[in-house]
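Chemist: Okay, predicted coordinates and the sequence, questions at the end:
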Amino acid sequence: MKKNILFVDDEPNILDGIKRMLRPFREAYDIRFCENGSRALELMGEQPADVVVSDMRMPGMDGAALLNHVQQDYPHAIRIMLTGQADDTAVLKTVTVAHQFLAKPCAPERLKEVLARATALHDRLTNGHLKNLVTGIGTLPSLPSVYAKLQETLKDPEASLDDVAAIIEQDMAMTAKLLQLVNSSFFGLYRKVDSPARAVKLLGLDTIKVLVLGIQIFSEFKAPGQKAALARLWQHSMAVAQCSKRIAMEASDNLDLINNSFIAGMLHDIGRLLLLSHLGKDYAEIIQTAEKQGIRLETEEAARLQTTHADIGAYLIGLWGFNGDIIEAIAFHHRMKELEADRLTAALAVHLADHYYYLRYPDQVVGKPPVLDTAYLERLGYAEASAEWMTQCQSLLETDDDQ
């Protein structure tokens, strides 16, 4: 079935250029064009689009307002902002409603790549309710103690960028949202930023203050009865991030692999955060069933939700424009045999780190612990090395326990 894409821009020349650019894809996509937000909403009412690509500055209803309407009324739609004129304040207005940002003029290959990826994501989740839930999300909640510390630090006139970065890089929701923003094409960076600390320094303290204190890009986790589960998830994610990075550093001097392994480790269970914060008691029942029956959490998730936290997390991070290595790590860290690779990847680093964590802390397992894919390790020739990596990670975890 063709995916429906709607382009909205008040400049006819821009729309004509996009029409010409995408003409070869008429068999793959059903593409519509209009010149203002009001008409776009009329077209959405007639036939909801799978992807909406909107200019920012338009007379009447601007792109931020349009995408806000789309987010509320058509949560399944992937929302992309295409702009070349908006100032920083205008762009920041859209950070909780746009999944991705593209700068004008957008290179044809870049636009085609983003559209192909966005439309492919629609087939990743088959549960319509969950697809609407994930696609409709603008931000995710943070650990209350971390959120409070960040608010306090930003109000301190003596606070430095390093102080702020040290807090943000401790939280998976903050890290994901900040990297989504700083890696958008709007900022015109020549390479991906894969460090929360680097992202903070690029944006600057004033912008971070606007995002956190003004626009409130981050929020506090408030689900009743679930804060203890969030604290355990936070501890697990931080530890897996550190171990994944250590494994990558032991195996390679490839900085992209090392940084991707750290970010993927931190975000590998972001799907669980989403489910904890938005499904509440229903997800708590899934966790309780897995624990009582001694089965894998993903098994019970699949039975109840027709998907798993890994696929949900990968879907969200894909929407937010993260690179393929990180998306793969989130999606496949529990099922490595489905990932075709002939080398160490961020996915394998996370798979190992996740296993090592639960060996060290068996009381933290929900249901049955994840199984190490020894056949996969042997096929790639890492059977012996993985034993040394486990020793390194156990030492790292012990050091964290002592602090």
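Modeler: Perfect, thanks for sending it.
Chemist: looking at this, residue 32 is in a strand?
Modeler: Yes - assessed with DSSP: H, G, I helix; E, B strand; the rest coil, residue 32 lies in a strand.
Chemist: Begin at 38 from now on, thanks
Modeler: Understood, numbering begins at 38; the last thing we discussed is residue 69.
Chemist: What is the three-state secondary structure of the residue nearest to it when sequence neighbours are not counted?
Modeler: Nearest residue to residue 69 in three dimensions, chain neighbours excluded: residue 43, at 5.0 Å (C-beta to C-beta, 6 or more residues apart in numbering). (C-beta placed from N, C-alpha, C; glycine too.) The three-state label given to residue 43 by three-state DSSP is strand.
Chemist: Show me what residue 43 is bridged to.
Modeler: residue 69, residue 89 (DSSP bridges).
Chemist: Can you report how many residues neighbour it?
Modeler: Applying other C-beta atoms under 10 Å, we find 22 residues neighbouring residue 43.
Chemist: For it, list the residues it contacts.
Modeler: If you count contacts by C-beta atoms under 8 Å, 6 or more residues apart in numbering, residue 43 has them with 68, 69, 70, 71, 77, 80, 81, 86, 88, 89, 90.
Chemist: Locate residue 290 within the secondary structure: which element?
Modeler: Using DSSP states H and E, residue 290 is not contained in any helix or strand.
Chemist: and it, what pLDDT?
Modeler: pLDDT, residue 290: 93.
Chemist: check contacts around residue 264.
Modeler: Going by C-beta under 8 Å, 6+ apart, the list of residues near residue 264 reads 181, 258.
Chemist: Dihedrals phi and psi, it?
Modeler: phi -70, psi -30 (degrees, to the nearest 10).
Chemist: The closest residue in space to residue 267 that isn't next to it in sequence: neighbour count?
Modeler: With sequence-adjacent residues excluded and distances taken as C-beta to C-beta, 6+ apart, residue 267 is closest to residue 258, at 5.3 Å. Using other C-beta under 10 Å, the number of residues around residue 258 comes to 23.
Chemist: Please tell me how far residue 258 sits from residue 158.
Modeler: Residue 258 sits at a distance of 26 Å from residue 158 (criterion: C-beta to C-beta, to the nearest Å).
Chemist: ok, now residue 295?
Modeler: 27 Å.
Chemist: name the element the nearest residue to residue 137 once chain neighbours are set aside belongs to?
Modeler: The shortest distance from residue 137 to any non-neighbouring residue, by C-beta to C-beta, 6+ apart, is to residue 358 (4.4 Å). When elements are assigned from DSSP H and E, residue 358 belongs to no helix and no strand.
Chemist: any idea of the pLDDT on residue 358?
Modeler: For residue 358, pLDDT reads 87.
Chemist: Excluding chain neighbours, give the residue nearest to residue 423 in space.
Modeler: residue 414 is the one closest to residue 423 (C-beta to C-beta, 6+ apart), at 5.3 Å.
Chemist: and the next element down the chain from the host helix or strand of that neighbour?
Modeler: In this assignment (DSSP H and E), residue 414 forms part of helix 411-417. Per DSSP H and E, the first helix or strand lying C-terminal to helix 411-417 is helix 420-439.
Chemist: Packing partners of that next one?
Modeler: Judged by 3 or more C-beta pairs under 8 Å, 6 or more residues apart in numbering; DSSP states H and E, helix 420-439 is in contact with helix 264-288, helix 383-397, helix 411-417.
Chemist: Can you tell me how far the spatially most central residue of the chain is from residue 137?
Modeler: The centre of the chain sits closest to residue 354, judged by C-alpha atoms, centre = their mean, with a distance of 2.6 Å. Residue 354 sits 12 Å away from residue 137, going by C-beta to C-beta.
Chemist: thinking again about what came up before, ok, the residue nearest to residue 423 - how many residues close by?
Modeler: 19.
Chemist: I figured it was touching residue 426, is that so?
Modeler: No - if you go by C-beta atoms under 8 Å, residue 414 and residue 426 don't touch, sitting 10.1 Å apart.
Chemist: Backbone dihedrals for residue 54, please?
Modeler: phi -60, psi -40.
Chemist: domain ranges for the chain?
Modeler: Domain ranges of the chain: 40-160, 181-257, 264-439, per automatic domain parsing.
Chemist: quick revisit: quick one: mean pLDDT over the helix holding residue 414.
Modeler: pLDDT averaged over helix 411-417 gives 93.
Chemist: Stretch 373-382 too?
Modeler: Per-residue scores along stretch 373-382 average to 89.
Chemist: Residue 174 is nearest to which of the domains of the chain?
Modeler: Of all these, it is domain 264-439 that lies closest to residue 174, at 6.9 Å by C-beta to C-beta.
Chemist: circling back: which residues are in contact with the residue nearest to residue 137?
Modeler: 136, 137, 151, 217, 220, 221.
Chemist: The helix or strand hosting residue 55 packs against which elements?
Modeler: Counting by DSSP H and E, the element that carries residue 55 is helix 49-59. Contacts defined by 3+ C-beta pairs under 8 Å, 6+ apart place helix 49-59 against strand 66-71, helix 145-158.
Chemist: closest one to residue 392 among these?
Modeler: Per C-beta to C-beta, nearest to residue 392 of those: helix 145-158, 28.1 Å.
Chemist: Residues contacting the next helix or strand after the closest one, please?
Modeler: Where DSSP H and E defines the elements, the next helix or strand beyond helix 145-158 is helix 165-173. Residues from elsewhere that reach helix 165-173 (C-beta under 8 Å, 6+ apart): 108, 112-115, 136, 159, 162, 311, 315, 342, 344, 349, 352-353, 356.
Chemist: at 6 Å instead, please
Modeler: 108, 112, 113, 162, 315, 352, 353 (C-beta atoms under 6 Å, 6 or more residues apart in numbering).
Chemist: Excluding chain neighbours, what is closest to residue 405?
Modeler: In space, residue 405 is closest to residue 333, 4.8 Å off (C-beta to C-beta, 6+ apart).
Chemist: And residue 367, how far from residue 404?
Modeler: Taken as C-beta to C-beta, the span from residue 367 to residue 404 is 19 Å.
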